[in-house]
Each structure stands twice: as C-alpha cells, then as structure tokens.
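**Q** Sequence isn't available, so here's the structure alone:
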C-alpha cells in the first residue's frame, strides 16, 4: 500500500494520527515529498510525480500511494482529486499589476470556469493562523526567518469565494519555494501543506 496507504489504515484502526515516515523510516531521499492534511482529516505524505516550469511558475504534481492527487503552482493549490471536495483542473495567467489569475473547475458543484484573482501581500508570522504556525513550529527553523505571504481572492461567481491563503517561503533540500501553507478548496474545507520532512526547512540556501 505504500507510505500513504499505511498511514490511512493505521488511522482507521486506531482513530489517531500515526507517526509519519521520514528518511530513516521508509522514505527514499531520491524523491521529494509533500505533507497534506485536510482539516479534521488524516495527514499523509505525497510523492512528487512531475514538475514543470511554466511562465507563471513551478507546476508540481503530487500523488499518494492510494491515488489521491494534488497539483500546485509555486505551492498554490491548482487541482485536487480524491477528496470529498475537488478541483478537476486549473489554468493560470498573469494580470496587470502582478496579480495571478486562476481559472478552475469545481467537481463538487459541477461548476466550470470559476475565476480567482489572487492578490499576494507580504505579511509576518505574527499574523498567520495559529493552526498553521502551531504545527509548523516543529520545524527546525525560526518561523520569523521565513518569508510570509497572504493571498486574498476575488472570485467569480462570488458564491465560490475562498478564505485568505497563508504561505511561508524558504529553502527545502536546495529548492526555494513555498515550504508550508494553509489553503482552502471551499470555505469549510482547507488544507495544511508543507514540504516534507519539516526538519529540512531552512531560511537560507544550503
């Protein structure tokens, strides 16, 4: 079943979050990994399936051992398959003023062409959600040394508006990128995401 399948089975049997695998306990350091935890759900480790540089940034696709899929653009959610809420696909473009525009299809409501205008602003760890900074404090780097951003969304239709997304940027195993975030697919369905393992997060290049 692989790492993610074993995590899911242990959760179903015990009702508790089992210990997640590390390089010394089952993960192959030849690959990159992403920690994915939906609110009130079990956390799992996804493996990088592909990466591609596009004009808007670094597009990455992540799979769990049991076929759940998450894609991200510079750490921002782009598509999600396999959860009770999903986005089937997204496309990205830049708008004037440096704003990023995401166009997504929402499988949950059978909506197509939902548009999010994403405006990013530099912030501080002191303003970030406690739900994000609380578990991220287990990383070895002081959180104040990471670069923090808040993404605000203007969505069309307005009924598909999303809460603010919080992202922390830093270094992880030689790559500068989003290293942790709190993002939502719907107002009441959100994720914690992070490069894994957490102890590899750093504020400075190697």
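**A** Here it is on my side, so go on. None of these values were measured; they are calculated from a predicted model. Residues are numbered from 1 along each chain as shown.

**Q** Hmm, residue 161 is touching residue 152, no?
**A** No. With contact defined as CB atoms under 8 Å, residue 161 and residue 152 do not form a contacting pair (10.0 Å). All C-beta atoms are positioned from the backbone trio N, CA, C, and that covers glycine.

**Q** which SS class is residue 199?
**A** Assigned with DSSP: H, G, I helix; E, B strand; the rest coil, residue 199 falls in the helix class.

**Q** Setting aside sequence neighbours, what's the nearest residue to it?
**A** residue 140 (4.9 Å; CB to CB, 6 or more residues apart in numbering).

**Q** Then residue 53?
**A** Excluding its sequence neighbours, the residue lying closest to residue 53 (CB to CB, 6+ apart) is residue 59, at 7.6 Å.

**Q** Is that neighbour bridged to anything, and to what?
**A** For residue 59, the beta-bridge partners are residue 52, residue 73 (DSSP bridges).

**Q** what's the answer for the one 4 residues further on, then?
**A** In this structure, residue 63 has beta-bridge partners residue 47, residue 69, where bridges are defined by DSSP bridges.

**Q** For residue 202, see how far away it is.
**A** Going from residue 63 to residue 202 by CB to CB, to the nearest Å gives 26 Å.

**Q** Then residue 152?
**A** 28 Å.

**Q** same check, this time on residue 101
**A** Going from residue 101 to residue 202 by CB to CB gives 31 Å.

**Q** Looking at these two now, which is surrounded by more residues?
**A** Set residue 101 next to residue 202 and count neighbours by other CB atoms under 10 Å: residue 202 wins out with 19 against 15.

**Q** Next up, the contacts around that one.
**A** Taking CB atoms under 8 Å, 6 or more residues apart in numbering, we find residue 202 in contact with 140-141, 170-172.

**Q** quick revisit: what helix or strand is the residue nearest to residue 199 on?
**A** Assignment of secondary structure by DSSP states H and E places residue 140 within no helix or strand.

**Q** Verify the stated contact: it with residue 203.
**A** No. Here residue 140 does not reach residue 203: they are 10.3 Å apart, not a contact under CB under 8 Å.

**Q** if you count what's nearby, which of these two comes out ahead?
**A** Taking neighbours as other CB under 10 Å, residue 140 and residue 203 compare with residue 203 leading, 16 against 10.
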